[in-house]
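Visitor: Give the three-dimensional model of this entry:
(2 chains)
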Amino acid sequence: MLAELELLYRTRLPQFRRVAAAISGDRDAGRDIVQDAFATAIRKRRSYRGRGSLEGWLWAIVVNAARDARRRRREHDVEPPETAAEERRNGAVPLDLLTDRQREIVFLHYYADLDYAAIADALAISPGTVGATLTAARQTLRGALEEVRT
Amino acid sequence: MNTMLDEHVRPFDDPADWADVLRRAGRRRRVRRPVLVAVAAACAVFAVAPALAVLLRDNGVGLPGAADRSNVAVVLQPLTGRVLVQVAPWKGHDGFCYAVLRVRAGCVPHKARGTVALWPPLMGWTFEPGVRSGVATTIGGKSVRLTVVHFGGRIDATFFLVRDRIPRFLRDVTLRDAGGKVVARVDMRKVRSRA
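Guide: Modelled structure (predicted):
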């Protein structure tokens, strides 16, 4: 199993790091989160029961760690975060308009190229919920981007 | 939207650092280790001198200096987390370096094709492609399943070892592919013990 974890690490590292950075909101933390997540997976590999894919189990660990990092960041943030309106004026993606769940699904879909079933596996939700959430997130983002253009 | 998401978090292109993951995985155990060593050392001092000598010898054999330590792969004992085998690319050579249970170490060029088994402890490697499983058979006919791990990249070899205790007198080691076909067989009666 250690060899499988290493293979997963070596083949999917950029995607893991990108999703971790996106969810935590901190690029540098993204690297650290993934290193720690794989270390956790090694320590707890006996708890992997083979339900769902190994990659799905890893994604769940990475997403949870990234959520924790984001939460800690929010708690310690003294500067007011840039508002969605300001972000849009600056040409950024107005991701603050999305819920945390929508953001996670968008990141897993776009950055890790996971299909609905794999995202469902990682987030312990149904593939139908993934599809509906992704559609809602796209509509929100499209609406916001069109608002900027007009 | 894809373009904007691409810019939101740019792709990462930093190199992988699996050795760092392994260090982090072993961090908790390492913190406790000095305490354990101190307690064990104290016991040894109060017991007999040879016991202390055994403790000091525990530093044992590590990876050779020629190993590329930035890219070390390991095989762990599942229950204890003990490092059984360390393997790393051989710096400046086409091959790999290994250390087994801190008692044996060396470097092997890729041009040395075929299968090599060492004993004791039972461990070896093969350059034969497609090896998925292995069995060691004792003189008495008992079979013991081997752990088989393939390391790709610059190591590019398949390692096999026995994780538990095994009877001393081995007859052979047989390696098979995914379909159960024998890929390699080593007659262990011809392998000289190098303990």
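Visitor: Output the lowest mean pLDDT helix or strand found in chain A.
Guide: helix A:84-89 (a mean of 49; mean pLDDT, DSSP states H and E).
Visitor: Could you measure from residue A:3 over to residue A:63?
Guide: Distance, residue A:3 to residue A:63, using C-beta to C-beta, to the nearest Å: 24 Å. From N, CA and C alone the C-beta is placed, and that goes for glycine too.
Visitor: brain fart, residue A:94
Guide: Residue A:94 is 22 Å from residue A:63, by C-beta to C-beta.
Visitor: Just give the nearest non-adjacent residue to residue A:18, would you?
Guide: Excluding its sequence neighbours, the residue lying closest to residue A:18 (C-beta to C-beta, 6 or more residues apart in numbering or on different chains) is residue A:111, at 4.4 Å.
Visitor: Pretty sure that neighbour sits against residue B:2.
Guide: No - counting by C-beta atoms under 8 Å, residue A:111 does not reach residue B:2; the two are 10.6 Å apart.
Visitor: Comparing these two, which shows the higher neighbour count?
Guide: residue A:111 (23 against 7; other C-beta atoms under 10 Å in any protein chain shown).
Visitor: What's the first helix or strand after the helix or strand bottoming out on mean pLDDT in chain B?
Guide: In chain B, the helix or strand scored least confidently by mean pLDDT, DSSP H and E is helix B:49-57, which has a mean of 32. Next along the chain after helix B:49-57, taking DSSP states H and E as the criterion, comes strand B:73-76.
Visitor: Please list the residues outside that next one that contact it.
Guide: Strand B:73-76 has contacts (C-beta atoms under 8 Å, 6 or more residues apart in numbering or on different chains) with A:2, A:6, A:42, B:18, B:22, B:82-88, B:147, B:149, B:151, B:155, B:159, B:161.
Visitor: chain center to stretch B:66-84: distance?
Guide: In terms of C-alpha atoms, centre = their mean, to the nearest Å, the centre of stretch B:66-84 is found 6 Å from the chain centre.
Visitor: Check the model's average confidence along that stretch for me.
Guide: Taken as a whole, stretch B:66-84 carries a mean pLDDT of 78.
Visitor: Ok, stretch B:154-165 next?
Guide: Stretch B:154-165 comes out at a mean pLDDT of 84.
Visitor: List the buried residues in it.
Guide: Neighbour-count burial for stretch B:154-165, counted by 16 or more other C-beta atoms under 10 Å in any protein chain shown, picks out B:154-155, B:157-163.
Visitor: and if you look at stretch A:112-121?
Guide: A:112, A:114, A:116, A:118-121.
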